[in-house]
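> predicted structure and sequence below. I'll ask about it afterward.
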Amino acid sequence: MRRAIFPGSFDPPTNGHLDIIRRSAPLFDEMIVSVLNNPDKKPMFSPDERCEMIREVLPSVETGACTISVESFEGLTAEFARRREAGAIIRGIRAVADYEYELRMALMNRRLEPSIETVFLMAGEEFSYVSSTLMKQVFLLGGRVEGLIPDLVEKRMRAKKT
Ligand code: PNS
């Protein structure tokens, strides 16, 4: 059984995240989309809201035979992966700017849990500039984000704004 976790903040989930789920699904039998609950941060959406949005948009993603579940977690990603008996941590790389941070994280996670590999996938080039932070910023300032986040997520963001 090849099980992976796909950890992130997902505040909010973007089409870039869905692209990584679609691309990594054929490589694994099971994937846990793992939403970090970081009590030190003030997110736009609570961990439960983020999990719920991901669950709602997942049916639109072609995931073949891979079973996908969504869970929130606190603390170390490597520790969560170990507890869930995952062999891999999936991360998406958009541009070269992501590389340094991702490399540091992957090496630290490997030090913490040597048996768990980080698997990097290249995001589709149409999502190379899409990040949750940028989406929130553009949306809150009245810019258009259609096509970059799922419609349902945009609706939830609109509801938060009013
Ligand atoms: O979506 P993000 O914000 O890029 O995801 C970053 C995330 C959640 C994967 C990273 O911050 C993380 O793993 N946080 C949990 C705490 C942890 O394990 N820190 C050490 C990583 S080396």
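All right, it came through fine.

> mind listing the strands for this structure?
3-8, 30-36, 67-73, 88-93, 117-122 (DSSP state E).

> mind putting those strands in CSV, mean pLDDT and distance to residue 149 included?
Heads up, the C-betas are built off the backbone N, CA and C, glycines and all. CSV is the format used below for these (pLDDT from 0 to 100; distance: least, C-beta to C-beta, whole Å):
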stretch, mean pLDDT, distance to residue 149
strand 3-8, 98, 14
strand 30-36, 98, 16
strand 67-73, 98, 17
strand 88-93, 98, 15
strand 117-122, 98, 19
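
> let's have those in a markdown table, adding mean neighbour count.
A markdown table is the format used below for the strands of the chain (neighbours: other C-beta atoms under 10 Å):
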| stretch | mean neighbour count |
| --- | --- |
| strand 3-8 | 24 |
| strand 30-36 | 23 |
| strand 67-73 | 16 |
| strand 88-93 | 21 |
| strand 117-122 | 17 |
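
> turn those into a markdown table, including distance to residue 106.
A markdown table is the format used below for the strands of the chain (distance: least, C-beta to C-beta, whole Å):
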| stretch | distance to residue 106 |
| --- | --- |
| strand 3-8 | 12 |
| strand 30-36 | 15 |
| strand 67-73 | 18 |
| strand 88-93 | 7 |
| strand 117-122 | 4 |
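
> between those strands, which one is closest to residue 132.
Of all the strands of the chain, strand 3-8 sits nearest to residue 132, with 8.2 Å by C-beta to C-beta.

> which residue packs closest to residue 144, ignoring adjacent ones?
Leaving aside its chain neighbours, residue 144 sits nearest to residue 138 (7.7 Å; criterion: C-beta to C-beta, 6 or more residues apart in numbering).

> quick check: buried residues in the longest helix anywhere in the chain?
In the chain, taking DSSP state H as the definition, the longest helix is helix 96-112. Residues of helix 96-112 classed as buried by neighbour count (16 or more other C-beta atoms under 10 Å): 98, 102, 105, 106, 109.

> what about the ligand: which of these touch it?
Taking C-beta under 6 Å from any ligand atom as the test, the ligand is in contact with 105, 109 out of the buried residues of helix 96-112.

> quick one on the thing from earlier: does the residue nearest to residue 144 really touch residue 149, like I thought?
No. The criterion here is C-beta atoms under 8 Å, and residue 138 misses it with residue 149 at 10.0 Å.
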